[in-house]
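J.: just coords:
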């Protein structure tokens, strides 16, 4: 079977700025029957490893370093020998959750490959300084973490976040992708670029 994207939903706690919230996270597995890459290893390493099965894991990629997106990453990496990748600008957030582990670092326009399929790294800061989105042209899909959801941008009311920055990221890096591109998010349902682009001015006007 060719390259595909599978979803695993895990549940746990998001903690930041002294608050804690129950959350459900989308973990995405990109690959084929032989090898795969995990995006946002959240909460439950055993569930992620079970979904991987016997496939070789090439990497664990973090769209940003909020604890609910990275808390299972070291455990998945240790069980599989795969490296963990993160944008350099989120290193301080990463160290709040995993001070004893060091990831490898990505930058804008980095390229990753799994199952002979290229994944383009887009730096899309705003939700966090090092937030990234992962664009897969071959699959007409972009994985946006918590930068863009079905219905609006990610939250910017906590430390390390900024609303004008996330709007620029969405406008200049995501809404410029082909209109039919599917958006796979860090929480909740998927979206389509064209549908979200239609609401950009409304988000700006109300400061979302």
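T.: Great, that's in hand. As the structure is a prediction and not an experimental result, all values here were calculated from the model.

J.: Just the pLDDT for the most far-flung residue of the chain relative to its centre.
T.: Distance to the chain centre peaks in the chain at residue 205, reaching 26.4 Å (criterion: C-alpha atoms, centre = their mean). In this model, residue 205 is scored at 89, pLDDT.

J.: and it, that one's in a strand?
T.: No. Read with DSSP: H, G, I helix; E, B strand; the rest coil, residue 205 is helix and lies in no strand.

J.: Paired strands for the strand or helix carrying residue 21, with orientation please.
T.: Under the criterion of DSSP states H and E, residue 21 resides in strand 19-31. Using DSSP bridges, the strands paired with strand 19-31 in its sheet are strand 4-16 (antiparallel), strand 35-39 (antiparallel).

J.: for those strands, which one sits closest to residue 45?
T.: Nearest to residue 45 among the strands paired with strand 19-31 is strand 4-16; the distance by C-beta to C-beta comes to 9.3 Å. Using the backbone N, CA and C atoms, a C-beta is placed for each residue, glycine as well.

J.: what's in contact with the closest one?
T.: Contacts to strand 4-16, defined as C-beta atoms under 8 Å, 6 or more residues apart in numbering, come from residues 20-32, 42-44, 47-48, 51, 66-68, 71-72, 136, 139, 141, 158-159, 184.

J.: Quick one, which of the residues you listed are buried?
T.: Applying a neighbour-count criterion of 16 or more other C-beta atoms under 10 Å, the buried members of the contacts of strand 4-16 are 23, 25-31, 42-44, 47-48, 66-68, 71-72, 136, 139, 141, 184.

J.: What are the boundaries of the strands in the protein?
T.: In chain order, the chain shows strands spanning 4-16, 19-31, 35-39, 56-61, 84-87, 104-106, 111-114, 117-123, 132-136, 141-145, 148-149, 152-153, 182-185, 191-192, with DSSP state E as the criterion.

J.: could you dump the ones you listed to JSON lines with mean pLDDT and distance to residue 168?
T.: Conversion of the strands of the chain to JSON lines gives the following (pLDDT from 0 to 100; distance: least, C-beta to C-beta, whole Å):
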{"stretch": "strand 4-16", "mean pLDDT": "98", "distance to residue 168": "22"}
{"stretch": "strand 19-31", "mean pLDDT": "98", "distance to residue 168": "24"}
{"stretch": "strand 35-39", "mean pLDDT": "98", "distance to residue 168": "23"}
{"stretch": "strand 56-61", "mean pLDDT": "98", "distance to residue 168": "23"}
{"stretch": "strand 84-87", "mean pLDDT": "98", "distance to residue 168": "16"}
{"stretch": "strand 104-106", "mean pLDDT": "98", "distance to residue 168": "20"}
{"stretch": "strand 111-114", "mean pLDDT": "98", "distance to residue 168": "23"}
{"stretch": "strand 117-123", "mean pLDDT": "98", "distance to residue 168": "11"}
{"stretch": "strand 132-136", "mean pLDDT": "98", "distance to residue 168": "13"}
{"stretch": "strand 141-145", "mean pLDDT": "98", "distance to residue 168": "14"}
{"stretch": "strand 148-149", "mean pLDDT": "98", "distance to residue 168": "12"}
{"stretch": "strand 152-153", "mean pLDDT": "96", "distance to residue 168": "11"}
{"stretch": "strand 182-185", "mean pLDDT": "98", "distance to residue 168": "17"}
{"stretch": "strand 191-192", "mean pLDDT": "98", "distance to residue 168": "19"}
